[in-house]
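Engineer: Sequence and computational prediction follow.
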Amino acid sequence: MLAASTTAQAAAAVAMHGPAFLIPVLRAREGLSLPQAGLVASAPMVGVMLTLVAWGAFADRHGERSALLAGLGLTTAAGAGAMTVHGPWGLGSALFVAGAAAAAANSASGRVVVGWFPAHRRGLAMGIRQMAQPLGVGLAALTMAALADRHGLVAGLAVPTVAAVVALALVAGVVIDPPREGREAAPTPEPGPYRADRYLVRVHGVSMLLVVPQFVVWTYALTWLVSDRHWSAQAAGVMVAVAQVLGAGGRIAAGQVSDLVGSRMRPLRWVAVAAVATMLALGVAAGLRSGVAVSLMVLASAVTVADNGLAFTSVAERAGSGWSGRALGVQNTGQFLVAAAVPPGAGLLITTSGYAAAFAAAAVFAAAAVPLIPVAQERRLR
């Protein structure tokens, strides 16, 4: 179950975030400006943002397996469509649909892990599942940029389509819905966990703020290496892929630590503080054109993704089985709302003030998240 869920989320991550690595090709061969290319690259995230809650409700009612099969099947179809269209509007529309379909994996694959693992092992298990996102981004960085540079845009776009097909086959052969009390009863009449306190709202807000440094690095690390540090697309793709592998390890470590200390929020606060320091250091080093800047970019890639599994697991645990689909949908909707705005917004800042300013500015958002983390309101893990 864990392997299949991780593969499904990795394939979804390729579809959602992979187009960011096509920005150099979109600029060089399609004649788009950096903000325009960033807007096209953010189209999948807009699609994700608009459908996450709906997919969560679908999983609440029809089960995780059905949601994953439907979402991955539609992702495959939309990916194939993106390979046949021409022009930024057609490409952006196809990527939008691919992202909207891939959103099914965000809630459903997480629910499979939460449902099949007990609380004292859940942090580690969810950390492994959450490593799918940086691994998917790493796969996209390693393959899509190089294929598009050598063979054209269509070759790069084939990667998320193939990944979706592989994940669809694995889910079909492996995934079974986890046991859940009251699965036959419709969950909508319940008052829901949001009326009890503001814990979930605060976790959502913290996650939205911490998305900014994560996506500044994810979206523009490769472009920064190519345009500002004069690396080749292939070498930059390898470096970003290495950074994402380290990020995957960071998520596993954060999940294991949360199991050991019996808290999701305390490790989350430690990660947020580390993100502030790392992004500030990266901004300064990039501005000084220091040789250590690339190493700091790798470190920032690992640090800024370590929070996701902690917040995601906490939301699922607090919401309960009857509401976790919708709560996780709300969680990810907020994150992707911010994520969709980061590529064009950061692109404008980079155009006017440079990469160093964009990296340093992202640290401000991480700093704002630190005091909002609801450590005192966290319940003891069972």
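Structural biologist: Yep, that arrived.
Engineer: For Ala236, which non-adjacent residue is spatially closest?
Structural biologist: Take Ala236 and drop its neighbours on the chain: the residue closest to it by Cβ to Cβ, 6 or more residues apart in numbering is Leu225, 3.9 Å away. Using the backbone N, CA and C atoms, a C-beta is placed for each residue, glycine as well.
Engineer: List the backbone torsions phi and psi for that neighbour.
Structural biologist: phi -60, psi -40 (degrees, to the nearest 10).
Engineer: residues near it, how many?
Structural biologist: 22 (other Cβ atoms under 10 Å).
Engineer: residues in contact with it?
Structural biologist: Residues near Leu225 by Cβ atoms under 8 Å, 6 or more residues apart in numbering: Trp231, Ala235, Ala236, Met239, Val240, Val294, Met297.
Engineer: top of these by neighbour count?
Structural biologist: Val240 (27 neighbours).
Engineer: can you pull the contacts of that one?
Structural biologist: Val240 sits next to Phe21, Val137, Gly138, Ala141, Leu142, Ala221, Leu222, Leu225, Ser301 when contact means Cβ under 8 Å, 6+ apart.
Engineer: Of the residues you listed, which belong to helices?
Structural biologist: Counting by DSSP state H, the contacts of Val240 place Val137, Gly138, Ala141, Leu142, Ala221, Leu222, Leu225, Ser301 in helices.
Engineer: of those residues, closest to Gly325?
Structural biologist: Set against Gly325, the nearest of the ones in helices among the contacts of Val240 by Cβ to Cβ is Val137 (24.3 Å).
Engineer: Is the closest one in contact with Leu246, as I believe?
Structural biologist: No: Val137 lies out of contact with Leu246 (Cβ atoms under 8 Å); the separation is 11.9 Å.
Engineer: Who has more neighbours out of these two?
Structural biologist: Val137 (28 against 16).
Engineer: For Phe96, which three-state class applies?
Structural biologist: Three-state assignment for Phe96 (DSSP: H, G, I helix; E, B strand; the rest coil): helix.
Engineer: Going forward, count from 33.
Structural biologist: With the count now opening at 33, the last piece we talked about shows up as Phe128.
Engineer: which helices and strands does whichever strand or helix holds Gly79 pack with?
Structural biologist: Per DSSP states H and E: Gly79 is located in helix 75-94. For helix 75-94, the packing partners by 3 or more Cβ pairs under 8 Å, 6 or more residues apart in numbering; DSSP states H and E come out as helix 34-49, helix 96-114, helix 119-134, helix 136-148, helix 356-385.
Engineer: a markdown table for the ones you listed, including distance to Ala75?
Structural biologist: Shown next, in a markdown table, are the helices and strands packed on helix 75-94 (distance: least, Cβ to Cβ, whole Å):
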| stretch | distance to Ala75 |
| --- | --- |
| helix 34-49 | 10 |
| helix 96-114 | 10 |
| helix 119-134 | 4 |
| helix 136-148 | 17 |
| helix 356-385 | 8 |
